[in-house]
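**Q** no sequence on this one, just coordinates:
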């Protein structure tokens, strides 16, 4: 059932994007128990299987009913566009216990018997202790499941934001939301989101605007809501996740023309990426990837532009033609 978010004039000025490693950590944890999310992430799931044997995620899963409400404070909207995990974790640890208690009670009510369970009662009796435990489990999940791959994930998410920013600049909100997600639509000043949760809600944004948060792990869902005091947020699947865990291979013709590693670098740039993310994805030294990128850029096959603290490389029309022709 839909969530209707009505925009006023001030809200149109407060649409923003961000990347959230904390949000990605929780969506990754949720993905572990959601078979419908496994399709794109099978290589990652195989790789982390051994790690999961020593990782107790029960405290988090208690507050991740499917479908149902997950406490907003667990993945509160980040304040900055490119927040670091430690920064977001510190904000989670600083959550007001009374606010956390109210949100945890709302979440537990989504699962029959959870409010009366030993863990549920303990969390509501000691919300400050529950915040500490949830933060500790979240940190362990981050270190074990996401931190090793974060350069690659962050590059994909930043490339998604760059693409959406160009959509917004070129065609306004109509173009921005046209292909954001099949369950998201824009008409007559209202953003409509149709999440899995069975409810109808109308939300007046009241000048708070909307945060758009691309995610690697949320597919095939789109997640929204966030009641006050949080900024209304839409978490949606980023483009390019289909090739996230695969190592790209260049064809024989491109390899003969450019050499094996340089051809592989060009083939891997199916979406804008940073040097570090490419090196991580391809298993090459960052210095080697940097040298290949410089040669490809000098040859007119790539362009480079700064995004925050990073430089994103992407194919030029000539580079696209060469990669496609191969």
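**A** Cool, the structure landed. Keep in mind the model is a prediction, meaning the values are calculated, not measured. Numbers count the residues shown, from 1 in each chain.
**Q** only C-alpha atoms from now on, for both contacts and neighbour counts.
**A** Noted.
**Q** my guess is residue 5 contacts residue 192, does it?
**A** Yes: using C-alpha atoms under 8 Å, residue 5 makes contact with residue 192 at a distance of 6.2 Å.
**Q** okay, helices next: where are they in this structure?
**A** All helices of the chain, identified by DSSP state H, fall at 9-12, 21-32, 42-52, 58-61, 85-93, 97-108, 118-125, 127-141, 150-178, 252-258, 260-268, 275-282, 286-298, 317-325.
**Q** what's the local residue count around residue 128?
**A** For residue 128, the neighbour count with other C-alpha atoms under 10 Å is 18.
**Q** now the stretch 101-250 of the chain, which segments are flagged as low pLDDT?
**A** By pLDDT under 70, the weakly predicted segments of the stretch 101-250 of the chain are 196-204, 225.
**Q** tell me what residue 305 is bridged to.
**A** Beta-bridge partners of residue 305, counted by DSSP bridges, are residue 312.
**Q** report the contact partners of it.
**A** Residue 305 makes contact with 311, 312, 313, according to C-alpha atoms under 8 Å, 6 or more residues apart in numbering.
**Q** same check on residue 215?
**A** Here residue 215 is in contact with 24, 157, 235, 236, 237, 238 (criterion: C-alpha under 8 Å, 6+ apart).
**Q** residue 249 too?
**A** By C-alpha under 8 Å, 6+ apart, the neighbours of residue 249 are 264, 267, 268.
**Q** near the last one, how many other residues are there?
**A** Here the neighbour count serves as a burial measure; for residue 268 (other C-alpha under 10 Å) it reads 23.
**Q** measure it to residue 216 for me?
**A** 18 Å (C-alpha to C-alpha, to the nearest Å).
**Q** also the second one?
**A** Taking C-alpha to C-alpha as the measure, residue 267 falls 21 Å from residue 216.
**Q** tell me the average confidence for stretch 76-88?
**A** What stretch 76-88 shows for mean pLDDT is 90.
**Q** how far off centre is that stretch?
**A** Chain-centre distance of stretch 76-88: 12 Å, with C-alpha atoms, centre = their mean, to the nearest Å.
**Q** kindly report the same for stretch 228-246.
**A** Stretch 228-246 has its C-alpha centroid displaced from the chain centroid by 4 Å (C-alpha atoms, centre = their mean).
**Q** please renumber the chain so that the first residue is 52 from this point on.
**A** Sounds good: first residue 52 from here, last item stretch 279-297.
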